[in-house]
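Visitor: For reference, the sequence and a predicted model appear below.
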Amino acid sequence: MTSPTRVASRVERSPAVRVLARVGLAAIGILHILIGVIALAVAAGAGGNADQSGALQALVAVPGGLFVLWAVIVGLIFLSLWQILQAVTAHKPGQKVTEAAKCVVYAALAGIAISIAGGGRHNASSSEKTASAQLLGMPGGVFLLAAIGLVVVAVGVVFVVNGVTHRFERDLRLPPNRWATVTTTLGRVGYVAKGVALVIVGGLVVFGAITSDPEKAGGLDGSLKALIQVPFGVFLLVLIALGLIAYGVFWCVRAYASRLADP
């Protein structure tokens with residue numbers, strides 16, 4: 001192994017680092033649970049933003065929520081650092097790219113959370129609509145926006161396939177006890193629900209590109225709220241919301257019960 005790989009391997013095996021990585025896994029779970037709860041509220045006719053920024057802002061609004069938010073921030077930061085270690089110690093190029101991409105996502109979420117903890121406001125749906133409008137105003141922007149939408153659809157399909165075929169279970173490393181059945185069942189439901197949500201998001205982005213209407217590309221929050229306008233959409237929204245809650249609980253149980261990967 002190269003020297004950077006040896007160093008990353010030693011750090012990755014540190015008990016303290018692994019505990020902090022578990023905090024990060026739980027943080028992801030908390031965010032998805034909150035998104036699911038907000039989506040249920042939207043289905044019931046209440047307000048709220050059913051996306052990551054909406055979930056983070058919902059935390060601040062409850063007693064003690066700011067403390068939990070900072071715990072989530074710490075978890076996200078260390079989870080992004082953990083993904084760097086995973087990328088360095090991974091053997092296959094594809095795995096390295098995947099782990100590096102996860103690092104970027106978690107670091108971006110940590111940045112948004114820090115801004116919200118400091119009193120800032122962040123509306124992911126508006127930001128995504130603005131970005132879509134800017135893309136549509138560029139030469140060839142329609143094709144680029146459509147391509148982004150298709151990538152999101154593809155990611156959603158991968159989530160659904162992983163849930164249906166149980167492929168995600170390969171990386172869980174669960175001990176053979178009662179937690180294994182609970183975790184895998186939650187994961188199967190959660191992966192399918194999140195995959196369906198992402199397919200809807202990506203589909204609306206593509207539709208927004210085709211119609212040159214950036215208002216259609218409103219991200220997760222806008223996509224879930226759009227379901228209310230279609231027949232049986234509220235029923236589907238409730239199912240997706242419950243699935244997202246299951247996905248969040250899956251991450252929380254995984255943070256507690258699973259063995260973290262060894263290099």
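Guide: Okay, I see it.

Visitor: what's the next secondary structure element after the helix or strand bottoming out on mean pLDDT in the chain?
Guide: Across the helices and strands of the chain, the lowest-confidence element by mean pLDDT, DSSP states H and E is helix 3-12, at a mean of 60. For helix 3-12, the following helix or strand on the C-terminal side (DSSP states H and E) is helix 15-43.

Visitor: That next one - contacts with which helices or strands?
Guide: Counting contacts by 3 or more CB pairs under 8 Å, 6 or more residues apart in numbering; DSSP states H and E, helix 15-43 packs against helix 52-60, helix 65-89, helix 93-117, helix 219-226, helix 233-257. No exception for glycine: its C-beta is placed from N, CA and C like everyone else's.

Visitor: Could you tell me the angle between the fourth one and helix 52-60?
Guide: Per axes from the mean of the first three to the mean of the last three CA atoms, to 10 degrees, the angle that helix 219-226 makes with helix 52-60 is 90 degrees.

Visitor: go on, the second one?
Guide: Orientation note: helix 65-89 sits at an angle of 140 degrees relative to helix 52-60 (the same axes, to 10 degrees).

Visitor: Could I get the buried residue list for helix 65-89?
Guide: Under the neighbour-count criterion of 16 or more other CB atoms under 10 Å, helix 65-89 has 65, 69, 72-89 buried.

Visitor: Point out the other helices and strands that it packs with.
Guide: Applying 3+ CB pairs under 8 Å, 6+ apart, we find helix 65-89 packed against helix 3-12, helix 15-43, helix 52-60, helix 93-117.

Visitor: And the longest one, what's buried?
Guide: By neighbour count, and taking 16+ other CB under 10 Å as the criterion, the buried residues in helix 15-43 are 17, 20-40, 42-43.

Visitor: What's the mean pLDDT across it?
Guide: In this model, helix 15-43 has a mean pLDDT of 82.

Visitor: chain center to that helix: distance?
Guide: 9 Å (CA atoms, centre = their mean, to the nearest Å).

Visitor: re earlier: using CSV, lay out the helices and strands packed on helix 15-43 together with mean pLDDT and distance to residue 150.
Guide: Shown next, in CSV, are those (pLDDT from 0 to 100; distance: least, CB to CB, whole Å):
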stretch, mean pLDDT, distance to residue 150
helix 52-60, 76, 22
helix 65-89, 82, 25
helix 93-117, 83, 17
helix 219-226, 72, 15
helix 233-257, 85, 21
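
Visitor: mind checking which of these is nearest residue 143?
Guide: Across the helices and strands packed on helix 15-43, residue 143 has its closest neighbour in helix 219-226 (20.0 Å, CB to CB).

Visitor: Taking helix 15-43 as reference, get the angle to the closest one.
Guide: Using the same axes, to 10 degrees, helix 219-226 lies at 30 degrees relative to helix 15-43.

Visitor: and helix 219-226, what other elements does it pack with?
Guide: So helix 219-226, by 3+ CB pairs under 8 Å, 6+ apart, packs with helix 15-43, helix 124-136, helix 178-211, helix 233-257.
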